[in-house]
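Q: Please work out how this folds:
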Amino acid sequence: MANAPGCRRFRTSTAGLVAVVALMTLIAASCGGSTERGLGKEAATSTREPATASKDTNAIHTKQWLFAIQSSGPTTFDPTTNTLAMPTAAATAFTDRPYRDTRSTSPDVFANLWNSHSKNSFAKDPPNAVLTYWTDASGGGVPRTAVCKVTGDVRYRSADGVLSMGLSLLEPKGATLPTHLYRASLFVDNVPSTCTNSPEDEDIIEYFNEINFNDDIQVVINQPRPSDSFGITLTCPERISPTYPSAEFDLQMTTADGSATTTCDNQVPIQVNPNQAPAFCRNTQCTFMVTLLNSSTGTIYSQTELILNLTPEPNQTIYPELNAATLPICSQAGGQ
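A: This next block holds a predicted model:
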């Protein structure tokens, strides 16, 4: 596939910035530049004060978030379903001018932006994107650029670290993507930020990341013999005070099919019998989702897919390595 002759105009003014950033990154990569991979327990955040808006500006400028995602391995494209599958550990969010905010966040936070049903959300108005890649593993040859639309079905599987999404190729016209792409980077158009983070948001994140880092969150698997059924609970340390963490702190563990849930607060066991072949189990391996959220607003701060191997032992205690909590990229909650 030949390079696009040039960047075409996007549907929004900020999308032009996406193409510029993509081009700069592509040049840096071809010169041997490296990009930091992965995301530690504590997400990095850099914030600068917005520049002073011109007095001639009649409209109030709404902060817009754009996204840059770099693959951590070979990326694949399925032409039968138009699905891109990119291994990655982090997504970088940054704002347009006059703001100067950047945020390193997890790919599941990016995927959750499609859960919003607000007027300008990604779910209602799919974003444009610029995809850059090489066609061979060595990084030699000619780098390629494609302008696409992210059509939806955006998911992140934390078990294998793959971010997948539907893509529709816009430019070059009539071209197709190869089934294997190397050193791929994706630069995604803007979504408006329409909410502010509350003190409750901040203390939930601070508390969770601390207890997560200290291995204070436990998954307890209990099998009373001779039963084939397992009782699975999620436990957390006692609250530090009646007001910290805030009452809105909610950590849930749910079966992958959403049929049963246990939380740090109620600790009602999820009963699982792998011999009955439930939808979320394959043989003795059963899949769960651990989600940190604000019980009042429904805002999600962290999600981790957890696969448990249920073996016939009387009691097991697992210390799961959960994805770090990050401040939400606003617009992900319904109705915002």
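Q: As CSV, could you dump the C-alpha coordinates of stretch 302-314?
A: Only the C-alpha atoms of stretch 302-314 are listed here, as CSV (Å, rounded to 0.1, in the frame of the first residue of the first chain):
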residue,chain,number,x,y,z
SER,A,302,-9.7,0.9,36.9
GLN,A,303,-10.7,-2.4,35.3
THR,A,304,-8.7,-5.6,35.2
GLU,A,305,-9.6,-8.9,33.6
LEU,A,306,-8.6,-11.7,36.1
ILE,A,307,-8.3,-15.4,35.1
LEU,A,308,-8.4,-17.8,38.0
ASN,A,309,-7.4,-21.4,37.8
LEU,A,310,-9.8,-23.2,40.1
THR,A,311,-8.0,-26.3,41.4
PRO,A,312,-9.2,-28.7,44.1
GLU,A,313,-7.5,-27.1,47.1
PRO,A,314,-9.4,-26.3,50.4
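Q: what separates it from the chain centre, distance-wise?
A: 21 Å (Cα atoms, centre = their mean, to the nearest Å).
Q: ok, now stretch 316-326?
A: With Cα atoms, centre = their mean, you get 16 Å for stretch 316-326.
Q: Tell me the buried residues in that stretch?
A: Residues of stretch 316-326 classed as buried by neighbour count (16 or more other Cβ atoms under 10 Å): 316, 320, 322, 323, 324, 325, 326. Any C-beta I mention is one placed from the backbone N, CA and C, and that applies to glycine too.
Q: quick one: pLDDT of the closest residue to residue 240 other than its chain neighbours?
A: Sequence neighbours aside, residue 207 is the residue nearest to residue 240 in space, at 7.6 Å (criterion: Cβ to Cβ, 6 or more residues apart in numbering). For residue 207, the model assigns a pLDDT of 95.
Q: Just the strands from the stretch 1-150 of the chain, written as ranges.
A: Ranges of strands in the stretch 1-150 of the chain, per DSSP state E, counting those that start in this stretch, are 45-46, 64-70, 75-78, 83-87, 91-95, 102-105, 128-134, 144-157.
Q: Deepest-packed of the ones you listed, please.
A: strand 128-134 (a mean of 23; mean count of other Cβ atoms under 10 Å).
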